[in-house]
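1. Provided below for reference: sequence and predicted model.
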Amino acid sequence: MMDFVILSLTMIAIGIYGLLTKRHLLKVFISVELITMGATLNFVMLASSLGKNLGQAFLILAFSTDTAVSGVILALLVIACKKYGTSDIGEIMKMEQEKEAEI
Amino acid sequence: MILEILSAGLIISVCLAIFLDEAVYAVSALAAAFFFTSFLYVLSGAIFVAIFQFAVGVGTLAILFLSGEMLSEKPDKKTSLGKSLMVVTAGALLSFPAVFLSLSSPATVGSDIQFGEALWNLRAVDVVLQGLVIMTVALGTAIILYEKKKGEK
């Protein structure tokens, strides 16, 4: 059972690394997806190993919520990208700071 | 053996999804990660979760492909084969701890509650339906607020 915990922890670690280091908006979104996937994998494997199918039933709710969150995040990404003309977080922050300085 | 291969494939595809520069290739690697995860769920006996993961994954990936094309500027330099190979090697190395700690199928432990029983007798379906209602209300509120804002402009 611990091996699957290590597998999901590795996935979460890679996701957190991507979240902290990548500047492209889509990469950030992929990192969030990976963190969610790692956490879900952990829950499913634990639920399966304990023989608790109730956990699987609850995870379907978690998947639904995750999909809704993904939809909202993607919509925000597209809006941000259209507004600022770039998908680089650093450049977007710089533009916002310049706008604030002008005000 | 198949669990070890799937675990290694999962970690390698996760690494590729993060480190590949072009958005479309990264999304393709994420698709592979979804596939490997679903397969792992099937092998661990969580067949319903696997089906749901696959269905959700297909939808998410279709949207990601579209937005990936919309959001990404074409990079000046293409990802070199050497870098891709380096990422694959790093992914394989990262998957060693999970692979060499004797992967065993957790489904062999046994199950005391069936999925249908959990949904109907233990009232899990109530929680799922409540979640769907809350989500619908949230979406409806968002749409009303958007229309209101649009009307003000």
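-> Cool, the structure landed.
2. Report the contact partners of the residue nearest the centre of chain B.
-> Geometric centre of chain B, nearest residue: B:Phe34, 4.4 Å, by Cα atoms, centre = their mean. Residues near B:Phe34 by Cβ atoms under 8 Å, 6 or more residues apart in numbering or on different chains: A:37, B:53-54, B:57, B:60-61. Where C-beta positions appear, they are placed from N, C-alpha and C, glycine not excepted.
3. next one: A:Gly55
-> A:43-44, A:46-48.
4. mind listing the helices for the chain?
-> In the absence of a named chain, chain A is used. Along chain A, counting by DSSP state H, helices occupy A:2-21, A:25-49, A:53-84, A:89-102.
5. should've been chain B
-> Under the criterion DSSP H, chain B contains helices at B:2-19, B:23-43, B:47-71, B:81-100, B:115-120, B:124-152.
6. who does the fourth one touch, helix- and strand-wise?
-> In this structure, helix B:81-100 packs against helix A:2-21, helix B:2-19, with contacts taken as 3 or more Cβ pairs under 8 Å, 6 or more residues apart in numbering or on different chains; DSSP states H and E.
7. Comparing those, which comes out most buried?
-> Mean neighbour count, computed with mean count of other Cβ atoms under 10 Å in any protein chain shown, is highest for helix B:2-19 among the helices and strands packed on helix B:81-100, reaching a mean of 22.
8. And stretch B:22-34, what's buried?
-> Buried positions in stretch B:22-34, judged by neighbour count with 16 or more other Cβ atoms under 10 Å in any protein chain shown: B:23, B:26-34.
9. got the contact list for the residue positioned nearest the centre of chain A?
-> Nearest to the mean C-alpha position of chain A, counting by Cα atoms, centre = their mean, stands A:Val32 at 1.2 Å. Under the criterion of Cβ under 8 Å, 6+ apart, the neighbours of A:Val32 are A:15, A:19, A:73.
10. how about JSON lines for the contacts of B:Phe34, with pLDDT, distance to A:Leu9 and neighbour count added?
-> Listed next are these as JSON lines, based on pLDDT from 0 to 100; distance: Cβ to Cβ, whole Å; neighbours: other Cβ atoms under 10 Å in any protein chain shown:
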{"residue": "A:Met37", "pLDDT": "88", "distance to A:Leu9": "12", "neighbour count": "24"}
{"residue": "B:Gln53", "pLDDT": "81", "distance to A:Leu9": "19", "neighbour count": "27"}
{"residue": "B:Phe54", "pLDDT": "80", "distance to A:Leu9": "24", "neighbour count": "17"}
{"residue": "B:Gly57", "pLDDT": "77", "distance to A:Leu9": "21", "neighbour count": "22"}
{"residue": "B:Thr60", "pLDDT": "75", "distance to A:Leu9": "23", "neighbour count": "21"}
{"residue": "B:Leu61", "pLDDT": "76", "distance to A:Leu9": "24", "neighbour count": "17"}
